[in-house]
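Participant: Fold the following.
(chains A and B)
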Amino acid sequence: GAVVSQHPSRVICKSGTSVKIECRSLDFQATTMFWYRQFPKQSLMLMATSNEGSKATYEQGVEKDKFLINHASLTLSTLTVTSAHPEDSSFYICSAGRNYGYTFGSGTRLTVV
Amino acid sequence: GDSVTQMEGPVTLSEEAFLTINCTYTATGYPSLFWYVQYPGEGLQLLLKATKADDKGSNKGFEATYRKETTSFHLEKGSVQVSDSAVYFCALSGTGANSKLTFGKGITLSVRP
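Facilitator: Numbers count the residues shown, from 1 in each chain, chains lettered A, B, ... in the order given. The predicted model follows:
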C-alpha cells in the first residue's frame, strides 16, 4: 500500500536553530501534502497545504516565514522550522493526499531546548 | 465551515466490552467520513471510511455507518481488546480530490484486561 516516510522521528534542537522535517512518498506520487501540528492530548491542527511546484497555502494564524514548506517534487515535501523556540516543541505530521485518500507519515517529535 | 464533534473522553472499558464512540459533523455538500487511530508516539492510521450516505465502513471488527439524516458517523465494536487502546479521531474531507481533512478532538480509549 501507499507509504509516506517521515524523518526524523525525533529531534532535539537548541533555541534559535532551524530544523528540517522530510516526508517522502515511497511508492506513489503525492501531488498534495498536508502538514499538521499536534499538541499533547489534542487534535491535529492543519498548518498548511502544499501542491507540487507551487507555493504552500497556510492556515490562518500560521507564520509562513517561520514554517517554510517546500514541495519541489512529487515524492518529497519538507517543513523547515526556522529560528525554533521552545513553544515550537510539538508533534508534526505530514499527510499525502492521493485520489480521495490520505496517507500519514509517522510523525516527528520536535523538542526545542 | 466544516467541523467534527466527538464525544468527550477518555473512555475506559474492560476487555470484551461493547464500544461506541460518537461523532457528528457539520459540512456543506457531501463529505467523506473517516475514523483514524493513533497509537502512542505514532502517526495516524486509517481505520475505516465511508464516502456516501448509508455506506458502512468496517475494519478489524470496527464499524461506522454514514448517517446523513443525523449527520453522524459513530464508531462501534462489539468486543474490544487491550490492543485497541489508542486515540481515535473522527474526520471529514470535502468533496474535491485531495481536500483537506477536518478532525475532531480525538478520544482516548483504554481497555483493561
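Participant: what's the least confident helix or strand in chain A, going by average pLDDT?
Facilitator: strand A:101-104 (a mean of 87; mean pLDDT, DSSP states H and E).
Participant: and the next helix or strand after it, anywhere near chain B?
Facilitator: Where DSSP states H and E defines the elements, the next helix or strand beyond strand A:101-104 is strand A:108-112. Yes. Contact of strand A:108-112 with chain B (CB under 8 Å from any CB of the partner chain) involves A:Arg109. Every residue, glycine included, has its C-beta placed from N, CA and C.
Participant: pLDDT (mean, whole number) over strand A:108-112?
Facilitator: In this model, strand A:108-112 has a mean pLDDT of 96.
Participant: Check stretch A:45-60 too.
Facilitator: Average pLDDT, stretch A:45-60: 90.
Participant: State the number of residues packed around the closest residue to chain B within chain A.
Facilitator: The minimum distance from chain A to chain B, using CB to the nearest CB, falls at A:Gly97 (3.4 Å). By the measure other CB atoms under 10 Å in any protein chain shown, the count of residues near A:Gly97 is 22.
Participant: Check B:Cys23 too.
Facilitator: B:Cys23 has 24 neighbouring residues, counting by other CB under 10 Å.
Participant: Can you give the strand pairings for the helix or strand of chain B with the lowest mean pLDDT, parallel or anti for each?
Facilitator: Lowest mean confidence among the helices and strands of chain B (mean pLDDT, DSSP H and E): strand B:101-103, at a mean of 91. The strands that strand B:101-103 pairs with in its sheet are strand B:86-93 (antiparallel) (by DSSP bridges).
Participant: In the strand it pairs with, which residues are buried?
Facilitator: Neighbour counts over strand B:86-93 (16 or more other CB atoms under 10 Å in any protein chain shown) mark B:Ala86, B:Val87, B:Tyr88, B:Phe89, B:Cys90, B:Ala91, B:Leu92, B:Ser93 as buried.
Participant: which stretch of helix or strand covers the spatially most central residue of chain A?
Facilitator: Centroid-nearest residue in chain A, with CA atoms, centre = their mean: A:Trp35, separated by 4.0 Å. Assigned by DSSP H and E, A:Trp35 belongs to strand A:32-38.
Participant: now check that strand, is it near chain B?
Facilitator: Yes. Judged by CB under 8 Å from any CB, strand A:32-38 and chain B are in contact via A:Thr32, A:Phe34.
Participant: any idea of the angle that strand forms with strand A:108-112?
Facilitator: With axes from the mean of the first three to the mean of the last three CA atoms, to 10 degrees applied, the angle from strand A:32-38 to strand A:108-112 works out at 50 degrees.
Participant: After strand A:32-38, which helix or strand is next? Please name it.
Facilitator: Counting by DSSP H and E, what follows strand A:32-38 is strand A:44-51.
Participant: so where is chain B shaky, pLDDT-wise?
Facilitator: By pLDDT under 70, the weakly predicted segments of chain B are B:97-98.
Participant: Nearest the geometric middle of it, what residue?
Facilitator: By CA atoms, centre = their mean, the mean C-alpha position of chain B lies nearest to B:Trp35, the distance being 3.2 Å.
Participant: can you pull the contacts of residue 12?
Facilitator: Just going to use chain A. A:Thr111, A:Val112, A:Val113 (CB atoms under 8 Å, 6 or more residues apart in numbering or on different chains).
Participant: try chain B instead
Facilitator: Counting by CB under 8 Å, 6+ apart, B:Thr12 has contacts B:Leu109, B:Ser110, B:Val111, B:Arg112.
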